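[1] model the structure of this input:
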Amino acid sequence: MAARPVRVLMAALTGVGLSLLDRSRTRAGEPDSTGVTGTVDRAVAAERLGHDRFFVAEHHGVPGVASAAPAVLLAAIAGRTTTLRIGSAGVMLPHHQPLVVAEQFAMLSALAPGRVDLGLGRSPGFTPPVRRALREHETDFAADLAELRAYLDGTAEVTARPRPAAPVPMTVLATGRGLEVAADLGLPVVVGGPLLGVAGDPEPGLAALDGYRRAFRPSAQQPEPRVSISLDVLVADTTTEAQELLLPEAWAMAQARTAGAFPPLEPVAAVRAHEWTSRQRQYVEQTAASAIAGTADQVARRLAELVERTGAAELIASSSTFDRAALAASDAALAELFGRATGADRAQSSEPRPAVSASPSRP
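    This is a model prediction of the structure:
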């Protein structure tokens, strides 16, 4: 793999889907609203750069994440874009009634026909108080998925309104059991983290993906198994710069695991100024190891190897960092690697753009 020219590696990536996942990360010193408007601005730039899809997430009561209502945020993005596919990665079914989710995404599909995707997961709330506030309880994930699909395709006892003008594809954010459920229902999957083996042994993850493909039962939506991979991917001019971009998110993850709070992103200098415990350093290193960050050549090589190993049809870059301009430049460089953008697009994406209109009280 390392001996192949970068142009060959880029050719291998041009047939792979390219998408972004933005969790509306908040930044130290900014109001939460800036995290949300920054997501909308990033989606507009992603459409211009040629990214295929743009996903938003669902998190409740997390200080470092402003995205709690994916359907509302997607409606705002739909109003600012015209061709970009938009979706959730994902809506957490334990927090919702399937009919309500179906109605929300049927409404989005009516507003943006043929552009809406519904990614679904089953992660619990961040803390016990959040889980209590959500009235969270044990549910049958497979049954909820099947019920939701019936509402969307019009075969349920109750008809979700408005009737979607175009099908709303469903995707499962999957771990071990999720892969089994997706295979049985004939749904595509998004996998990430340890399942990809980026920072460890890839064999268990590959075995799980093989099991998904073998057990897959074709459906009206998906005749064949389809795998998307999701992980942090950051491109910069130098390896050192790329590693620096990883630090704010890695530090936030370390704090979440040692202090129980997932905070807003901080500048790199502020992160380095903290006194790290040995455990925090370990977690920072683990988070960085599970990402792909470097120069364009380095990232192309590692992504090409990952796509070959997993047979993925799509990369979903879930990257975040404190520096919005650097993140925009990384998004543009990634689009170039996948044959999506020109140098002019990359330069334009690095220029500051006005945020979505805000209230008069916003600083």
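
[2] partner strands of the longest strand along the chain and their direction?
    For the chain, the strand that runs over the most residues, judged by DSSP state E, is strand 85-92. With DSSP bridges as the test, strand 85-92 is paired with strand 53-56 (parallel), strand 116-121 (parallel).

[3] could I get the contacting residues of residue 123?
    92, 94, 173 (CB atoms under 8 Å, 6 or more residues apart in numbering). C-betas here are computed from N, CA, C, even on glycine.

[4] let's see 6 Å
    By CB atoms under 6 Å, 6 or more residues apart in numbering, the contact list for residue 123 reads residue 92.

[5] and the pLDDT for it?
    Listed pLDDT for residue 123 reads 82.

[6] residue 32 now?
    On the pLDDT scale, residue 32 is placed at 95.

[7] residue 58: neighbouring residues, count only.
    The number of residues packed near residue 58 is 22, by other CB atoms under 10 Å.

[8] so it makes contact with residue 70?
    Yes: using CB atoms under 6 Å, residue 58 makes contact with residue 70 at a distance of 5.0 Å.

[9] who touches both of these two?
    In terms of CB under 6 Å, 6+ apart, residue 58 and residue 70 are both contacted by the residues residue 91.

[10] three-state assignment of residue 224?
    Following DSSP: H, G, I helix; E, B strand; the rest coil, we place residue 224 in the coil state.

[11] how far away is it from residue 233?
    Distance from residue 224 to residue 233, counting by CB to CB, to the nearest Å: 26 Å.

[12] who has more neighbours out of these two?
    Using other CB under 10 Å, the more surrounded residue of residue 224 and residue 233 is residue 233, with 27 against 10.

[13] pretty sure that one sits against residue 317.
    Yes: contact criterion CB under 6 Å: residue 233 and residue 317 qualify, at 4.3 Å.

[14] quick revisit: what average pLDDT does the longest strand of the chain get?
    Mean predicted confidence for strand 85-92 is 95.

[15] make residue 1 into 810 and carry on from there
    Taking 810 as the first residue, the last one we looked at is strand 894-901.

[16] next secondary structure after that strand?
    helix 907-920 (DSSP states H and E).

[17] contact partners of that following helix?
    Contacts with helix 907-920, where a contact means CB under 6 Å, 6+ apart, come from 880, 883, 887, 900, 925, 927, 953, 956-957, 960-961, 969, 971, 973-974, 977.

[18] most neighbours of all those, which one?
    Neighbour max across these (other CB under 10 Å) = residue 883, 28 neighbours.

[19] chain center to the host helix or strand of residue 1141, what's the gap?
    Assigned by DSSP H and E, residue 1141 falls within helix 1133-1146. In terms of CA atoms, centre = their mean, to the nearest Å, the centre of helix 1133-1146 is set 15 Å apart from its chain centre.

[20] ok, and for that helix, which residues are buried?
    Using 16 or more other CB atoms under 10 Å as the test for burial, helix 1133-1146 gives 1133, 1135-1146.

[21] going by contacts, tell me the helices and strands next to that helix.
    On a contact count with 3 or more CB pairs under 6 Å, 6 or more residues apart in numbering; DSSP states H and E, helix 1133-1146 meets strand 1042-1044, helix 1152-1158.

[22] rank the ones you listed by pLDDT, which is bottom?
    Least confidently modelled of the helices and strands packed on helix 1133-1146 is helix 1152-1158, at a mean of 45 by mean pLDDT.

[23] quick check: residue 1088 vs residue 1070, distance?
    Using CB to CB, one obtains 15 Å as the distance from residue 1088 to residue 1070.

[24] please apply the same query to residue 1127.
    Separation of residue 1127 from residue 1070 (CB to CB) stands at 20 Å.

[25] contacting residues for residue 982?
    Residue 982 is in contact with 899, 928, 930, 999, counting by CB under 6 Å, 6+ apart.

[26] before we move on, what's the pLDDT of it?
    Looking at residue 982, its pLDDT reads 94.

[27] now do residue 1160
    Listed pLDDT for residue 1160 reads 45.

[28] give me the low-pLDDT residue ranges for this structure?
    Across the chain, the ranges flagged by pLDDT under 70 are 810-819, 1003, 1008, 1150-1172.

[29] max-length helix in it?
    helix 1048-1068 (DSSP state H).

[30] okay, the helix or strand that that one is followed by in CSV with CA atoms only?
    Next helix or strand after helix 1048-1068 toward the C-terminus (DSSP H and E): helix 1077-1082. Output in CSV follows, covering the C-alpha atoms of helix 1077-1082 (Å, rounded to 0.1, in the frame of the first residue of the first chain):
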residue,chain,number,x,y,z
VAL,A,1077,-4.9,24.1,21.2
ALA,A,1078,-2.9,26.4,23.4
ALA,A,1079,-5.4,26.2,26.2
VAL,A,1080,-5.5,22.4,26.0
ARG,A,1081,-1.7,22.3,26.2
ALA,A,1082,-1.8,24.7,29.2
